[in-house]
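J.: coordinates only, sequence not included:
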């Protein structure tokens, strides 16, 4: 179910929300600075376009959701980038946003108030000459208060 390549990581690493409805993974560097924020949102929307246009997602677009975000980042971002800023960029990329005229029909949910629980982790990417780009793994499911947020 995971799209894209997984960066070289320890084999016991947990990335995906248990019982997730869908998983997206791609080589994306999440830039959170004011200048690069919109550029990053556009890149995520472009890379997720076919995934978020799936008709079966229509049944979830008005639902309360649990969301898990894993950012696999280089050493510099690991030390300097705040995890809450990564989450803000990802939420802005996944929600319907009429302020950004770019790809208005590409969204997972209407408003980030639909996200009931979120689990975010930032992991340092293992240095490897074959992988120079950071990675983003997103998984979600319909909110169920009886289920724990567990990554598998």
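T.: Yep, that arrived. Predicted, not measured: the structure shown is a model, and the values here were computed from it.
J.: Where does pLDDT dip in this protein?
T.: Under the criterion of pLDDT under 70, the regions of the chain flagged as low confidence span 1-12, 100-103, 129-131.
J.: Can you check which helix is longest in it?
T.: Of all the segments of type helix in the chain, defined by DSSP state H, the longest one is helix 37-52.
J.: Show me where this structure has its helices.
T.: Counting by DSSP H, residue ranges of the helices within the chain are 37-52, 75-80, 83-94.
J.: now the last one and helix 37-52, what's the angle there?
T.: Orientation note: helix 83-94 sits at an angle of 50 degrees relative to helix 37-52 (axes from the mean of the first three to the mean of the last three CA atoms, to 10 degrees).
J.: Now do helix 83-94: which elements does it pack against?
T.: For helix 83-94, the elements it packs on are helix 37-52, strand 65-73, strand 115-124, strand 135-142, judged by 3 or more CB pairs under 8 Å, 6 or more residues apart in numbering; DSSP states H and E. Where C-beta positions appear, they are placed from N, C-alpha and C, glycine not excepted.
J.: Also the second one?
T.: Taking 3+ CB pairs under 8 Å, 6+ apart as the contact definition, the neighbouring helices and strands of helix 75-80 are strand 115-124.
J.: which other residues reach the strand it packs on?
T.: By CB atoms under 8 Å, 6 or more residues apart in numbering, the list of residues contacting strand 115-124 from outside reads 9, 13, 17, 64-75, 77-78, 81, 83-84, 86-87, 91, 109, 143, 149, 151.
J.: Now do the buried residues in that strand.
T.: Of the residues in strand 115-124, those with enough neighbours to count as buried (16 or more other CB atoms under 10 Å) are 115, 117, 118, 119, 121, 122, 123.
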